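**Q** based on what follows, work out the 3D shape:
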Amino acid sequence: MEATHDVLVVGAGCAGMRAAIEAYDAGANVGVISKLHPTRSHSGAAEGGINAALGNATEDSVESHAFDTVKGSDYIGDQDAIEIFTREAPGDIYQLENWGAFFSRQDDGRLAQRPFGAAGSPRTVFAADITGHVLIQVLYEQLVKRDITVYEEFFAWKLVEHDGRCQGVICWDLLNGGLKSVGGRTVVLATGGQGRIYRTTTNAYACTGDGAAMALKLGLPLKDMEFMQFHPTTLYPSGILLTEGCRGEGAYLINSEGERFMKRYAPNAMELASRDVVSRSEQTEIDEGRGIDGSIYLDMRHLGAAKIIERLPGSRELSMTFAGVDPIYDPVPVRPGAHYHMGGVETDNDGATELAGLYAAGEVACVSVHGANRLGGNSLMETITFGRRAGRAAAEWALSQTSVEVPQSAQDDAERELQGILGVTEGERPWQIRNDLGASMFDNFGVFRREEQMTAQLDILEGLRERYAKGVVIEDKGEVFNSDLTQAIELGNMIELAECMVQAGVARKESRGAHARPYDYPTRDDENFMKHSISHWVNGRPKLSYKDVRVTKYEPMERKY
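**A** As a prediction, the model looks like this:
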C-alpha cells in the first residue's frame, strides 16, 4: 500500500479541496488523489459567480434564496438540504474572502452581487467572470499552507470495500506507471460531473463520471440520473461556456430576425429565466428555422466596451479566440450544450453515502439541492458548503476508527483486470465508441426528450456496451503517462452512467426541470413523479426505483416567468 490517511479525498476541485481543508482542520491526517494538478480541475472553468443571500445589491434573505432554489428545482430538491445550504452560504463566502478570494466590489466597498436566472434578487457574488479560477487558486493556497499530501496525476479506478466499509482507493499512477493502493479510514468522492458523455459540452475532458461509476459498481444508489442541465450559452460550434453573467449584466438573446425572442417564452424574466426554460426556448427557435446555422446570437454590444472589459473580460477573450467575434462590436453565436448533472451519488446532508466510511460532495453527489434544474451560481456554493460539511463529517468518523486495510486480494484482482484490458490486440479504438456515445446522447437525450428517441438510445447503448465488452485496443502498452489506458476505463464508466440516465428518463413520464417531454408528457405530474429516481447496478444492468422528496414548507406551485 502506497500510504494510509484518516481521510482520503478523491478529486481536487473546489469540493475536494474544501473537504480536505476542513478534514485537516478537524484534526485528521488527509490525502488528496487527483488525476490532474489541482488548479487544472474543472471547477476553475466556472465563470459567473457563487450564490449567497448577503443582501448587498438589494434586500435579500436566506428564505428567499431557499424558495428560489426549491422553485428552480421544480420541487424535487430536498428542502431540508436546501435550507442548510442557503443558511450556511453567507458564512462560507466571508471565509473565502478572508482566505484571499478577490471578489468584485461595489463602490461602497461591499461585495458586488449580480442578477442570475430565476433569482428573486441579485445574489451572485463574483470575481469578474473568472470566479471559479479565483476560488480554486485560493483553495489550493490553503491546501499548500497545510502541507496536505496530494497524489497528483493518480487516476482513481476502484473503491476498496472491506469489513463493510470503504477503506481506500486503487489508482493508476499516471506519472510513474503501475497500480497503487492508497488507504483511508474514510473516503470522500469529489470527482465532479460527467458532461463528456455528450458530444457538445462545457465540461473539461476530465469530466467522465469516475466517482459515480465507482460508487455504482459497489452497489451504491445513484439519484436523479435523468436530469442533465443544458446551458443556454455555449459558444458555437466549440461548446465552450459563456457565463450566465453575460445575461446577468444585461446581454440579450436574439434570433436570425434580430428579435429578442425570450419575450414569447418568459415575458417577465426574459433572458434571466431559469436555464431549462432558456435552453428550450433557444432550441425551439433553432428548430423552427429562426436560428443562424444551428445557433442563435448573444448580443452584448449595447453594454458598451467599458462594462464588457470590466465585468466580462473572460467571455470577450473566449469569444474572440474560439468564435473569431469581438462582442464589443458583434453578437456571438451560441447554442445549448450539456453543462451540469443534477444527479449523482445519493448522500445525506453531511455527504455520507449508504456505505460506511464513504462520503461524496460537489457535482458527483446528489444531496439533493438542485432537484430537476440547478440555478446558476448554486453549484460553486454547493461545492464549498457541502465540501466543508463532508470533510468535517468524514474526519469525525475517521478519528473514531482504528484500522485501515486494503486486502491483497483486491489489489491482485485489479492487477488481473488491468492486464486483461492491456492485453487486447484486436478490436476498436476507444475514441470510436466514445464519439458514437457522445453524438447519440446529444441527439437522443438532449434538450428535448422523445419516447422513441430515448428507447432507441437504450438500444444504441446496448450496442456500445457490446462493442466495448469485446475489447478495445489500447495501442500504448507503456507504463508512463498512459492516457490511452485511462481513457478506455473512462469510456466504460460513461457507458454505464448513460444507461442509468436514459433508463430513468424513459420511466419519468412528465416534464420537470431539465427533463422536457413536450411531445407526449408536456406538464409536470406531481401526483406520480414528485419523487427521486434511484438507480442501482444489479447483475450488470441498471435497476430503477423511487424515493420520496423531503418537503419542509414549500408546496409545489406552477412556475411562471
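
**Q** where along the stretch 51-200 of the chain do the strands fall?
**A** Under the criterion DSSP state E, counting those that start in this stretch, the stretch 51-200 of the chain contains strands at 113-114, 124-125, 149-152, 154-162, 165-173, 179-189.

**Q** now the second one: average pLDDT?
**A** To tie it back to what came earlier, the one meant is strand 124-125. When pLDDT is averaged over strand 124-125, the result is 96.

**Q** wait, Tyr198 touches Gly438, no?
**A** Yes - the pair Tyr198 and Gly438 qualifies as a contact (C-beta atoms under 8 Å) at a distance of 5.6 Å. To be clear about C-beta, it is placed using only N, CA and C from the backbone, and glycine gets the same treatment.

**Q** show the pLDDT at Ser379.
**A** Note on Ser379: pLDDT of 96.

**Q** same question for Lys560.
**A** What the model reports as pLDDT for Lys560 is 60.

**Q** circling back: mind putting the strands of the stretch 51-200 of the chain into a markdown table with mean neighbour count and distance to Gly245?
**A** Formatted as a markdown table, these follow (neighbours: other C-beta atoms under 10 Å; distance: least, C-beta to C-beta, whole Å):
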| stretch | mean neighbour count | distance to Gly245 |
| --- | --- | --- |
| strand 113-114 | 26 | 6 |
| strand 124-125 | 28 | 7 |
| strand 149-152 | 20 | 31 |
| strand 154-162 | 22 | 32 |
| strand 165-173 | 24 | 36 |
| strand 179-189 | 27 | 29 |
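
**Q** contacts made by stretch 141-148 with the rest, please.
**A** Taking contacts as C-beta atoms under 8 Å, 6 or more residues apart in numbering, the residues outside stretch 141-148 that touch it are 12, 17, 20-21, 24-25, 30-32, 38, 99-100, 150.

**Q** list only buried entries from those.
**A** Among these, those buried by neighbour count (16 or more other C-beta atoms under 10 Å) are Ala12, Met17, Ala20, Ile21, Tyr24, Val30, Gly31, Val32, Pro38, Val150.

**Q** so how many other residues sit close to the residue lying closest to the fourth one once chain neighbours are set aside?
**A** Leaving aside its sequence neighbours, Ile21 sits nearest to Gln142 (C-beta to C-beta, 6 or more residues apart in numbering; 5.1 Å). Here the count is done by other C-beta atoms under 10 Å, and Gln142 has 18 residues near it.

**Q** so how far is Phe529 from Gln142?
**A** Gln142 sits at a distance of 42 Å from Phe529 (criterion: C-beta to C-beta, to the nearest Å).

**Q** what's the average pLDDT for stretch 527-546?
**A** 96.

**Q** dump that stretch to CSV, keeping only the CA atoms.
**A** Output in CSV follows, covering the C-alpha atoms of stretch 527-546 (Å, rounded to 0.1, in the frame of the first residue of the first chain):
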residue,chain,number,x,y,z
GLU,A,527,-49.1,13.1,-8.2
ASN,A,528,-47.0,10.4,-9.8
PHE,A,529,-43.5,11.8,-10.2
MET,A,530,-42.7,14.2,-7.4
LYS,A,531,-40.1,11.7,-6.3
HIS,A,532,-36.4,10.9,-6.8
SER,A,533,-35.4,8.2,-9.2
ILE,A,534,-32.9,5.8,-7.7
SER,A,535,-30.6,3.7,-9.9
HIS,A,536,-28.7,0.6,-8.7
TRP,A,537,-26.4,-1.6,-10.7
VAL,A,538,-27.8,-5.2,-10.5
ASN,A,539,-26.4,-8.1,-12.5
GLY,A,540,-24.7,-5.9,-14.9
ARG,A,541,-27.8,-3.6,-15.6
PRO,A,542,-29.3,-0.5,-14.0
LYS,A,543,-32.3,-1.1,-11.9
LEU,A,544,-34.7,1.7,-11.2
SER,A,545,-36.7,2.5,-8.0
TYR,A,546,-38.0,5.7,-6.4
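
**Q** about what we covered before: so which of the buried ones among the contacts of stretch 141-148 would you say is closest to Lys71?
**A** Proximity of the buried ones among the contacts of stretch 141-148 to Lys71 (C-beta to C-beta) peaks at Met17, which lies at 30.8 Å.

**Q** low-confidence ranges, the chain, go.
**A** Applying pLDDT under 70 to the chain flags the ranges 1, 559-561.

**Q** longest helix in it, please.
**A** In the chain, with assignment by DSSP state H, the single longest helix is helix 483-507.

**Q** buried residues in that helix?
**A** 484-506.

**Q** in helices, which of the buried ones among the contacts of stretch 141-148 fall?
**A** Cross-referencing those against helices under DSSP H gives Met17, Ala20, Ile21, Tyr24.

**Q** related to what we said a few turns ago, who has more neighbours out of Tyr198 and Gly438?
**A** Set side by side, Tyr198 and Gly438 show more neighbours around Tyr198, with 26 against 20, by other C-beta under 10 Å.

**Q** break down the stretch 451-561 of the chain into its helices, ranges please.
**A** 451-469, 483-507, 526-529 (DSSP state H, counting those that start in this stretch).

**Q** would you turn those into TSV with distance to Leu235?
**A** TSV is the format used below for the helices of the stretch 451-561 of the chain (distance: least, C-beta to C-beta, whole Å):
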stretch	distance to Leu235
helix 451-469	26
helix 483-507	23
helix 526-529	34
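
**Q** which one of these lies closest to Val367?
**A** helix 483-507 (17.6 Å).

**Q** where exactly do the helices run in the stretch 151-300 of the chain?
**A** Taking DSSP H, counting those that start in this stretch as the criterion, the stretch 151-300 of the chain carries its helices at 210-217, 245-248, 262-265, 275-287.

**Q** which of the ones you listed sits closest to Ala52?
**A** helix 245-248 (15.2 Å).

**Q** give me the residues contacting that closest one.
**A** 47-49, 114-117, 122, 124, 126, 129, 233, 253, 271-272, 298, 300, 311-312, 315.

**Q** do that again at 6 Å, thanks
**A** Gly48, Arg114, Pro115, Phe116, Asp129, Glu271, Leu272, Leu312, Ser315 (C-beta atoms under 6 Å, 6 or more residues apart in numbering).

**Q** just the residues you listed now: which is nearest Val334?
**A** Of all the contacts of helix 245-248, Val334 sits closest to Ser315, with 10.6 Å by C-beta to C-beta.

**Q** neighbours around Thr257, how many?
**A** No Thr there; residue 257 is Glu. Count around Glu257 with other C-beta under 10 Å applied: 8.

**Q** state the distance from it to Glu285.
**A** The spacing between Glu257 and Glu285, counted by C-beta to C-beta, is 10 Å.

**Q** ok, now Tyr205?
**A** If you go by C-beta to C-beta, the gap between Tyr205 and Glu285 works out to 30 Å.

**Q** more neighbours, the two?
**A** Set Tyr205 next to Glu285 and count neighbours by other C-beta under 10 Å: Glu285 wins out with 24 against 12.

**Q** pretty sure the more buried one contacts Ile254?
**A** No - look at Glu285 against Ile254 with C-beta atoms under 6 Å: they stay out of range, at 9.5 Å.

**Q** and for the longest helix of the chain, what's in contact with it?
**A** 155, 194, 197, 208-210, 212-213, 222, 225-226, 430, 434, 441, 445, 449, 454, 457-458, 461, 464-465, 472, 474, 476, 533, 535, 542, 544.

**Q** that'll do, ta.
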